[in-house]
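J.: Here's my sequence, what's the structure:
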Amino acid sequence: MSLKSIAAALSLAGLCAGSAHAETLAPLTFAERLAQAGSPLILRPEGFSGPGAAILSEAIDASRYVLIGESHFSREIPAFTTNVCRLMAAGGPETGGLTAMAVETGPEAAVAVNARLRAPDREQQISDFMTAHPDAMAFLNGRDEGQTAADCAGVAGPDFELWGLDQEFLGASGYLIEQMLTAGPGPLARAQIEALAEQERTATQAALASGSPFDFFLLKATDATLDQAGAAIDQDGGDRVRALFAALRETRAIYQASQARRGDPNGRRARLMKRTLAAHFAEAPQARVLMKFGAYHLYKGYNPLGQRDVGNFVAEHADGEGVQSLHMIVVGARGTEAGYNGVGRPMKVHDFDVMTEEGGDWRKDVTLARPSNMAPGDWLLVDLRTLRSADLDALTPEWRDIIRGYDLAVVAPELTASTKLGADYVP
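T.: Next up, the predicted model:
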């Protein structure tokens, strides 16, 4: 063979090898990368198992703060949370133990639950509380949420408590006023608070009859009435009464702004939660905390509402301390969801299925990425951290937000709606 023929053959071989190498390095599609990032996760009462369990356990064990951004009022996500509590309570030498669970309810509502958390008739006590104070708390009036809180307290030990970070709920004014009266206000403040209590009882009956939260005292009271009471409370109410009255007015301001669609109610609410959490951190600087909120609240960076919410605050706080925070979004692919349905009314329940709903949804992409050999009841854990290396600009805005805002995504194959505690109003 001539030198020219040999050179041509080598050149052809080089081209073929280069072509094969280029074919090997062809970039994966996002669907393929999503499938690679997913791992089956089995949820049982005794704990997690399956390939996703090791990823989850390692991530939790390395984190001071563990955040669960959820869709509310299911039975399954509270069960998931209970198993997270168990992992945190066991933990490793650096981060072991569980100090508190921060929840999306008001501080005073959380105090009421803490007082009943370990009672043998806890559920009945909470039910009685909700019957006496309709809509006085959000989410912790759910049967499964309450069970999870009690289970977490059981595994975490006697010092564990719930931290309520949110504004109080729409029907909380009656309970707040009761607490003001028991706090020993002076005669000027007491006279005004008792007058508020009478107005509040009338407003609650109207709200129960109509089903409308806008008939509650919180939104029906006039500014003049509250200003007059506030002036007396400033004079001889005492610190505890002043704090309770300030909570009532802040809650009212947030709901009023939301109702009128003016101002920045979401931002004001987020700033309130950050201040409340900062106060807890100041009192317990070494606390190891589990947080459970609606998914929008726990993004790192800006959430889809354009807010730097409490999840971002925790991420920055962790960075400043030199520790880790773990942000998980936990949702379902199909099933039933429950939501608020009016004062003293049963929850409103509706079906959902991400595979048949119109429009794009990241949960649909995850469901399509489930391996064909997965058992129908297995959950799918997606390690979003592995998806951050590629060019995110090619993805949908929703996927960019999820990948940047959360570390793990966990999708249950099916959710079922929970129920709430407290007697339903019968006209």
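J.: use CA for all of it now, contacts and neighbours both
T.: OK.
J.: Measure how buried the nearest residue to residue 400 once chain neighbours are set aside is and give me the count.
T.: Spatially, and ignoring its direct neighbours in sequence, residue 400 is nearest to residue 392 (6.0 Å; Cα to Cα, 6 or more residues apart in numbering). Residue 392 has 16 neighbouring residues, counting by other Cα atoms under 10 Å.
J.: In this model residue 401 seems to touch residue 392, though I could be wrong.
T.: No - Residue 392 is beyond contact range of residue 401, at 9.6 Å (criterion: Cα atoms under 8 Å).
J.: all helices of the stretch 301-427 of the chain, in order?
T.: 310-321, 362-368, 397-405 (DSSP state H, counting those that start in this stretch).
J.: So, low pLDDT: which residues of the stretch 251-400 of the chain?
T.: Residue ranges of the stretch 251-400 of the chain with pLDDT under 70: 360, 390.
J.: switch to 50 and redo it
T.: Of all residues in the stretch 251-400 of the chain, none has pLDDT under 50.
J.: after whatever helix or strand residue 128 lives in comes which helix or strand?
T.: Residue 128 belongs to helix 122-132 when assigned by DSSP states H and E. On the C-terminal side of helix 122-132, the closest following helix or strand by DSSP H and E is helix 143-156.
J.: relative to helix 122-132, how tilted is that following helix?
T.: Angle between the axes of helix 143-156 and helix 122-132 is 140 degrees (criterion: axes from the mean of the first three to the mean of the last three Cα atoms, to 10 degrees).
J.: Helix 143-156: which residues count as buried?
T.: 143-156 (16 or more other Cα atoms under 10 Å).
J.: Ok, stretch 126-144 next?
T.: Neighbour count says stretch 126-144 has 126-127, 129-131, 133-144 buried, by 16+ other Cα under 10 Å.
J.: And stretch 50-64, by the same measure?
T.: 52-53, 55-57, 59-64.
J.: again with stretch 361-372
T.: 363-367, 369-370.
J.: Please list the residues outside stretch 115-128 that contact it.
T.: 113, 141, 143, 146, 149-150, 153-154, 421-423 (Cα atoms under 8 Å, 6 or more residues apart in numbering).
J.: Please save the CA atoms from that stretch in CSV.
T.: Extracted C-alpha coordinates of stretch 115-128, given in CSV (Å, rounded to 0.1, in the frame of the first residue of the first chain):
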residue,chain,number,x,y,z
ALA,A,115,-50.4,23.0,75.2
ARG,A,116,-52.4,20.0,74.0
LEU,A,117,-49.7,18.3,71.9
ARG,A,118,-49.0,15.4,74.3
ALA,A,119,-52.4,15.0,75.8
PRO,A,120,-53.9,11.5,75.5
ASP,A,121,-57.1,13.1,74.2
ARG,A,122,-55.2,15.6,72.1
GLU,A,123,-57.5,15.3,69.0
GLN,A,124,-60.7,15.8,71.1
GLN,A,125,-59.1,18.8,72.8
ILE,A,126,-58.2,20.4,69.5
SER,A,127,-61.7,19.6,68.1
ASP,A,128,-63.3,21.3,71.1
